[in-house]
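Novice: return a 3D structure for these sequence lines:
(one chain, ligands or ions: 1)
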Amino acid sequence: MNKFEQLGLSESLLKAILDLGFENPTEVQEKAIPLLLEKDTDMVALAQTGTGKTAAFGFPVIQKIDVNNRNTQALILSPTRELCLQITNEIKNYSKYEKGINVVAVYGGASITEQARDIKRGAQIIVATPGRMQDMINRGLVNISQINYCILDEADEMLNMGFYEDIVNILSTTPDEKNTWLFSATMPAEVARIGKQFMTDPIEITVGAKNSGSATVSHEFYLVNARDRYEALKRLADSNPDIFSVVFCRTKRDTQAVAEKLVEDGYSAAALHGDLSQAQRDGVMKSFRGRQIQMLVATDVAARGIDVDNITHVVNYQLPDEIETYNHRSGRTGRAGKLGTSIVIVTKSELRKISSIERIIKQKFEEKTIPSGIEICEIQLLHLATKIKDTEVDHEIDTYLPAINSVLEDLSKEELIKKMVSVEFNRFINYYKKTRDISNQASGSERRERDDRDGAPRENNNGGATRYFVNIGSRDNFDWMSLKDYLKETLDLGRDDVFKVDVKEGFSFFNTDPEHTDKVMEILNNVQLEGRRINVEISKNDGGGRRDHNGRSSGGSFGGGRSSAPRREGSFAPRREGSGGGGFRSDRNSAPREGGFGGRSDSRSAAPRREGGFSSDRPRTEGSSDRAPRRSESFGDSPRPRRPRRD
Ligand code: AMP
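Specialist: Okay, the predicted model is just below:
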C-alpha cells in the first residue's frame, strides 16, 4: 500500500495520482486529506504556497461530490485569475478518471455569458475569483444556495487584495450547514475574523511554523548605494546564469522602468503590473511559464498567486512597505521541495528592515557582496564549461563536420578550448573591466550593530581570505547553508571558518582564512561525493590573472586559465539565428551583437545573418560600451524557445 492509498482516496483518484507522478503525499495532504474525507468538518489550514494545498482540498472535494447531481456543490475562491485557472486545471487533472465531474472557472476579463453557460450545463465545482463571483451572483447567473463545500484558498492574499466585502457577501448566500475549508499562508486579523464569522469549530492544521518562511528558501541581502540598485540587479543576473526569477518593485512605474532597462540591455525580461491589459498580462505569464522570460519584473499585486514551478530566485529590487509582503514574495520560490533563494538589494538606510524580516520569518539572512566583474566572468566561464560538457550533440551537425574540421585542424585540443572559451570571456571581460566595484559592505559599526541585535555570525568579508572554486553545486542538492555545513564537517572547521558560500548549478565558491588553505586543498581534493571526485581550486577574483600557489591556472576545470582568456582571437562559433534555441535575452535592436557561442537567435528573422558563418567576434555595433554583454545562449538551457521580438 503506498502512502496515498493509506489516506483513504478512491481508485480513480489514485490512478490520476499515479499519472501525475506524485510519489508521496506532502505534509499538508497527509494532515488534511484523511480528516476531510472522514468528517464533515470546517478546517483552517495554515500552509505556504507550493506545499501541495490544491490537492489537499482538491482530492477530498472530488471524492465527496455527487456526480449524479448536476447542481453546484463546491465553490473554491482564489485571489487571482491565474490561480483560479491553475486550480481548475489541477482539479481537472485529479478528476480525469472520475466520470461526470464538471469544473468551471469563473474570473474577470473573460466573457461572463460564456461562463454562465458553462455553469448552466451543470458545474458541480466552481473555481472563482471573488469579484467575478459577486458579479455573477448579483446578475442571478449562478446558484450557490445548495453548496456543501466552500474553500477559501490563499485567504490572506484575497483579503490583502481588498476582497473582504465580496467574500463576506458571497459566503452569506451559501447555506449555513456547508463545510468551509480555509487555506492561508498567514493568519492576519481579517482572516481570523472571516474564520470566526463563517466557521464552526474548525479543525486547525499547520504545516511548518506559523508565519515562518519556507525552509527551502534561503535569504540573502546585498548592500549597495541607491544609485547602484540597477547595476546590482544586472550583476546578480549575470552571476546566476540559470536565473529564473521574479523581481519585485514597489510601484508600477519602477516595475515598467526596470523591465524596460533590462530588455534594452539584452536580458529576457518583461513587466507584469496592473496597467497592462488582461491580454498583455496573459501573454507575459505564458512567456514566463514557457521560460522565454528569465526575469519577470512585477508589482506585488500583479504577482499574487503566481504559481510557476522552479523559480530559482526572488529578487526584492526594493523591499515592500509591509514586512508581511516579504513572505508572499519569497514564497514564490522554494516550492514543491525545490531550493530557492530570496535576494534583497538593500541600501544602508533600509538595513534595519532586514532584522525585522528575520524576526518574522525566523530565518537569518546572509549578507553577500555583489560579485566583482572578474568573479562574474569566472562564473560565466565555468557555467559555459559545464554546459559544453552537458550539451547533447545534435547529429544534424554531422554534415558540416568535415568542413569545420578542416578549418580547425591545425589547433590542438588545448588551443581549441582556449579559443572557444575566449569567445565568452572576451565579451564579459571587455564589459566588466571598465566597471567599478559596487559592493557596499556595511561598515564595521553597522555590522556590529546588526550582529549584536540579531546574534548573526560575523563573517570575514575583507580581501585577506582565500576563495575557492569547487565542482559541486545545487545540482548536488546543496544550497549555501547545506554546503557550508558540509564543508565545515568535512574540513573539521569552526562555525565561522567557511564563509561567502555561493552555490551555482554545477559548481560553487567559498572562502576561508588563508591559514586553512592547505588543509582545504589537501582534504577536499581527496574526498568523493556519491562516487564523484571533488575538485577544489583556488579562485582569484581580484581581477589579476595571477597564478595560484600551485602554479596552476585558477578559474576552474576547463583547462583555460584566465590569463590566457582575454585575447581577441577569432571565434569559430556558428550563430544560431532563427533556431529557436537559447532564450537568455531578448533583442529589440536590429543590429547584431557578437554572438559568443551561438549569439542570438531571433525568431522573426529566419535567415541567418551575414556574419553568421564561422566568425562572429566582431565589435559590437550599437553604443554598447556601457552595456553588459549578452550571455551565451546556445549552451544555456537550450530547449527554451525564444521570445518573439517586440520591435
Ligand atoms: P500547490 O501548493 O497546490 O500550488 O502545489 C505546488 C506544486 O506541487 C504543484 O505543481 C503540484 O502539482 C505539486 N504537487 C502537489 N502535491 C504533490 C505531491 N504529493 N508530490 C509531488 N508534487 C506535488
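Novice: from the ligand, how far off is the nearest residue to I534 once chain neighbours are set aside?
Specialist: Setting aside the residues directly before and after it, I534 is nearest to V527 in space (CB to CB, 6 or more residues apart in numbering), at 4.9 Å. C-betas here are computed from N, CA, C, even on glycine. When CB to the nearest ligand atom, to the nearest Å is the yardstick, V527 and the ligand sit 32 Å from each other.
Novice: need the contact list for V527.
Specialist: Applying CB atoms under 8 Å, 6 or more residues apart in numbering, one finds that V527 lies in contact with 490, 533-534.
Novice: from the residues you listed, which land in helices?
Specialist: Among the contacts of V527, the members found in helices (DSSP state H) are T490.
Novice: quick check on the contacts of V527: which are buried?
Specialist: The neighbour count (16 or more other CB atoms under 10 Å) marks I534 as buried among those.
Novice: save the contacts of V527 as TSV, and put in pLDDT too.
Specialist: As requested, the contacts of V527 are exported to TSV (pLDDT from 0 to 100):
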residue	pLDDT
T490	90
R533	87
I534	90
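Novice: which stretches of the stretch 501-647 of the chain have low pLDDT?
Specialist: For the stretch 501-647 of the chain, applying pLDDT under 70 flags the ranges 540-647.
Novice: can you pull the domain assignment for this protein?
Specialist: In the domain annotation for the chain, the residue ranges read 3-206, 212-453+619-631, 459-590 (automatic domain parsing).
Novice: gap between the second one and the chain center?
Specialist: Think domain 212-453+619-631. Domain 212-453+619-631 has its average C-alpha position 10 Å from the chain's average C-alpha position, going by CA atoms, centre = their mean, to the nearest Å.
Novice: can you redo the contacts of V527 as JSON lines with distance to the ligand?
Specialist: Shown next, in JSON lines, are the contacts of V527 (distance: CB to the nearest ligand atom, whole Å):
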{"residue": "T490", "distance to the ligand": "31"}
{"residue": "R533", "distance to the ligand": "33"}
{"residue": "I534", "distance to the ligand": "31"}
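Novice: count of residues packed around G50?
Specialist: If you count neighbours by other CB atoms under 10 Å, G50 ends up with 23.
Novice: give the contact list for the closest residue to N71 other than its chain neighbours.
Specialist: If the residues on either side of it in the chain are set aside, N71 comes closest to Q146, at 5.3 Å by CB to CB, 6+ apart. When contacts are counted by CB under 8 Å, 6+ apart, Q146 is found next to 71-73, 175.
Novice: just send those back as TSV, with neighbour count, secondary structure and distance to T399 too.
Specialist: Listed next are the contacts of Q146 as TSV, based on neighbours: other CB atoms under 10 Å; DSSP: H, G, I helix; E, B strand; the rest coil; distance: CB to CB, whole Å:
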residue	neighbour count	secondary structure	distance to T399
N71	14	coil	64
T72	21	coil	60
Q73	21	coil	61
P175	11	coil	70
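Novice: out of these, who's nearest the ligand?
Specialist: Looking at these and their distance to the ligand, the nearest is Q73, at 20.9 Å (CB to the nearest ligand atom).
Novice: that closest one and K500, how far apart?
Specialist: 56 Å (CB to CB, to the nearest Å).
Novice: what does V61 give?
Specialist: 48 Å.
Novice: these two - which one has more neighbours?
Specialist: Legend: neighbour count by other CB under 10 Å for V61 and K500, higher for V61 (24 against 19).
Novice: what number of residues lie near N24?
Specialist: As a measure of burial, N24 has 10 neighbours, counting by other CB under 10 Å.
Novice: who's in contact with the nearest residue to it once chain neighbours are set aside?
Specialist: Spatially, and ignoring its direct neighbours in sequence, N24 is nearest to K3 (5.0 Å; CB to CB, 6+ apart). Contacts here follow CB under 8 Å, 6+ apart; on that basis K3 touches 24-25, 30.
Novice: also S482?
Specialist: So S482 contacts nothing (CB under 8 Å, 6+ apart).
Novice: looking at the protein, which helix or strand does the model trust least?
Specialist: helix 444-454 (a mean of 45; mean pLDDT, DSSP states H and E).
Novice: tell me the helix or strand right after that one.
Specialist: With elements assigned by DSSP states H and E, the helix or strand that comes after helix 444-454 is strand 466-470.
Novice: tell me which residues of that following strand are tucked away?
Specialist: Judged by neighbour count (16+ other CB under 10 Å), strand 466-470 contains these buried residues: 466-470.
Novice: check stretch 52-60 too.
Specialist: Within stretch 52-60, the residues that qualify as buried are 52-60, counting by 16+ other CB under 10 Å.
Novice: so that stretch, near the ligand or not?
Specialist: Yes. Counting by CB under 6 Å from any ligand atom, the ligand is contacted by stretch 52-60 at 52-55.
Novice: count of neighbours near the closest residue to the ligand within the stretch 451-600 of the chain?
Specialist: Of the residues in the stretch 451-600 of the chain, the one nearest the ligand is N477, at a distance of 16.5 Å by CB to the nearest ligand atom. Counted with other CB under 10 Å, residues neighbouring N477 total 11.
Novice: now for it: which residues touch it?
Specialist: L339.
Novice: so which bits of the chain are right by the ligand?
Specialist: If contacts are counted using CB under 6 Å from any ligand atom, the residues of the chain sitting beside the ligand are 22, 25-26, 29, 49-55, 307, 309, 335-336.
Novice: same thing but 8 Å
Specialist: Counting by CB under 8 Å from any ligand atom, the residues of the chain close to the ligand are 4, 17, 20-26, 28-29, 47-56, 58, 86, 90, 307, 309, 335-337.
Novice: which elements pack onto the longest helix seen in the chain?
Specialist: With DSSP H applied, the helix covering the greatest number of residues in the chain is identified as helix 413-432. The elements that helix 413-432 packs onto, with contact taken as 3 or more CB pairs under 8 Å, 6 or more residues apart in numbering; DSSP states H and E, are helix 373-390.
Novice: now the farthest one out in the protein, which residue is it?
Specialist: Computed with CA atoms, centre = their mean, the residue of the chain farthest from its C-alpha average is D410, at 43.9 Å.
Novice: you'd agree that residue is in a helix?
Specialist: No. Under DSSP: H, G, I helix; E, B strand; the rest coil, D410 sits outside any helix and is assigned coil.
Novice: now do it against V263, distance only.
Specialist: Note on D410: its distance to V263, by CB to CB, is 41 Å.
Novice: for the helix or strand containing D19, the distance to its chain's centre please.
Specialist: Under the assignment given by DSSP H and E, the secondary-structure element containing D19 is helix 11-20. Taking CA atoms, centre = their mean, one finds the center of helix 11-20 at 28 Å from the center of the full chain.
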